[in-house]
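Engineer: after the sequence you'll find the predicted model.
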Amino acid sequence: MPRHPRTTVGASPPPPVGGAQAPTSERSPSPVGATRVATRKSGLAPLPQNGTPASIAPALLAWWDRHGRRDLPWQREPTPYRVWVSEIMLQQTQVVTVTRYYDRFLAAFPSLRTLADAPLDAVLHAWSGLGYYGRARHLHRAAQRVRDSHGGELPLDFGELAALPGIGRSTAGAILALAAGQRHAILDGNVKRVLARVHRIERPVTDTAVLRELWSLAEAHTPATRVAHYTQAIMDLGATLCTRRRPACERCPLAARCEAHAAGIAAQLPARSAKRARPQRAATVLLVHDGRGRVLLEKRAEEGLWGGLWGLPEIAVTDEAAAWCTQFIGQPPARLARRPVLRHAFTHFDLDMTPVELEIPAPAPQARDTDRWLWYDLHAPARIGLAAPTTRLLHSLL
Ligand code: SF4
């Protein structure tokens, strides 16, 4: 099969891998508890003049002791490796979704070394459906680095941990707090929301100055003892009571001191940045199959949309599907059918895919470049990484 340039979606460059965001700052945190927040920039509510605000930790811990979550799969045996995998999966993904994948992933890769030694295809296969595949690639790359440079043990030094691919400041803090009881602050989406409300921070939390302020608050509130419980407690509060749309303030342990609640504006915070028009992109994807369950897949470039996964070949112009088939398969399609457009929402844009089904006379020719091309057998599927829309389209042929 001849090679041809890789096609890309639309004309603009792809977003960060899999639509996922790069981790936040890689800086080392300042010593927790030593933070002094004297005055805020205009637009932010003032803090007490004498420095660190009274910590929300006692009230949160008392609440967590009665209502906190203790039965999450990664809480059963919170080793650094297991906590690390959970924290990466939980980036931009809710607990309820992660619990569907976590045990299966840990069964496939029970230790850091098994993860490091596995082929990337196997890792992406276990991650398939969880989205933001850059996380899986970073996890795999970081495991290999830990195997090669840290004797196979996840480092428990903040700087070394935060230097690994896919581990930013908040994730490193969470791993060290939850798995090693080290005193580090975290600032994931839940924590940002809780702190923005408790302190009535009305500017968008994407604002750099506000982020700096939130980190200072997160550090100031983190207690000296029971750090793992506190870290879990503030995440639990954000996930169960201080939710984005309908905060349950009447049941909240922080209600008495929550400034947003007192002002009756809890549900309006955190403020969102001004909305920009959502970009749209379009692509034509080719469902080339032999009528016997074998479908042509192309391995996508490592960096970029659905990087490292196997996907359907893409072309820029829908009307050129038949010509593509003749040129690259070596024979014209026996049947061609254009399917309805499928929309897939990524973090920063929508992708409209026009699938074109091309049935070729059986048997399907053997792909020559097997690192890039694969005849995927629907009746004996290979263990490879597939994006959810690809899986849906493949299943539509069954
Ligand atoms: S009182 Fe309401 S807004 Fe404030 S932290 Fe609790 S749930 Fe969130």
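Structural biologist: Done, it's in.
Engineer: didn't Ser170 look like it was pressed against Ile186?
Structural biologist: Yes. Contact criterion Cβ atoms under 8 Å: Ser170 and Ile186 qualify, at 4.8 Å. C-beta coordinates here come from the backbone N, C-alpha and C atoms, glycine included.
Engineer: report how many residues lie close to Arg197.
Structural biologist: Counted with other Cβ atoms under 10 Å, the neighbours of Arg197 add up to 26.
Engineer: count of neighbours near the nearest residue to it once chain neighbours are set aside?
Structural biologist: Of all residues not flanking Arg197 in the chain, Ala260 sits nearest, at 3.9 Å (Cβ to Cβ, 6 or more residues apart in numbering). Per other Cβ under 10 Å, the neighbour tally for Ala260 reads 25.
Engineer: contacting residues for Ala260?
Structural biologist: By Cβ atoms under 8 Å, 6 or more residues apart in numbering, the contact set of Ala260 is Ala196, Arg197, Val198, Arg200, Ala266, Gln268, Leu269.
Engineer: could you do Arg246 as well?
Structural biologist: By Cβ under 8 Å, 6+ apart, Arg246 lies in contact with Ala267.
Engineer: three-state assignment of it?
Structural biologist: With DSSP: H, G, I helix; E, B strand; the rest coil as the basis, Arg246 sits in coil.
Engineer: per-residue confidence for it?
Structural biologist: In this model, Arg246 is scored at 94, pLDDT.
Engineer: before we move on, back to that, A helix includes the residue nearest to Arg197, no?
Structural biologist: Yes. Under three-state DSSP, Ala260 sits within a helix.
Engineer: quick check: the gap between it and Arg246.
Structural biologist: Distance, Ala260 to Arg246, by Cβ to Cβ, to the nearest Å: 14 Å.
Engineer: report the distance from the longest helix along the chain to the chain centre.
Structural biologist: Using DSSP state H to define each element, the chain has its longest helix at helix 134-149. Centre-to-centre, helix 134-149 and its host chain are 15 Å apart (Cα atoms, centre = their mean, to the nearest Å).
Engineer: next secondary structure after that helix?
Structural biologist: Following helix 134-149 in sequence order, the next helix or strand is helix 158-162 (DSSP states H and E).
Engineer: residues of the stretch 201-350 of the chain that sit close to the ligand?
Structural biologist: When proximity is defined by Cβ under 6 Å from any ligand atom, the stretch 201-350 of the chain lies next to the ligand at Leu241, Cys242, Pro247, Ala248, Cys249, Cys252, Leu254, Ala255, Cys258, Ala260, His261, Ala266.
Engineer: drop anything exposed from those residues.
Structural biologist: Buried by 16 or more other Cβ atoms under 10 Å: Leu241, Cys242, Pro247, Cys249, Cys252, Leu254, Ala255, Cys258, Ala260, His261, Ala266, out of these.
Engineer: surely Arg193 meets Cys242?
Structural biologist: Yes. At 6.1 Å, Arg193 counts as touching Cys242 under the criterion of Cβ under 8 Å.
Engineer: on that earlier part again, so which of the contacts of Ala260 sit within helices?
Structural biologist: Residues of the contacts of Ala260 located in helices (DSSP H): Ala196, Arg197, Val198.
Engineer: what residues does the stretch 51-200 of the chain put near the ligand?
Structural biologist: Counting by Cβ under 6 Å from any ligand atom, the stretch 51-200 of the chain comes close to the ligand at Val194, Arg197, Val198.
Engineer: and the residue nearest to the last one when sequence neighbours are not counted, how close does it get to Arg197?
Structural biologist: Spelled out, that is Val198. Closest residue to Val198 apart from its sequence neighbours, by Cβ to Cβ, 6+ apart: Cys258 at 5.0 Å. Separation of Cys258 from Arg197 (Cβ to Cβ) stands at 6 Å.
Engineer: any shared contact partners between those two?
Structural biologist: Shared contacts of Cys258 and Arg197, defined by Cβ under 8 Å, 6+ apart, are found at Ala266.
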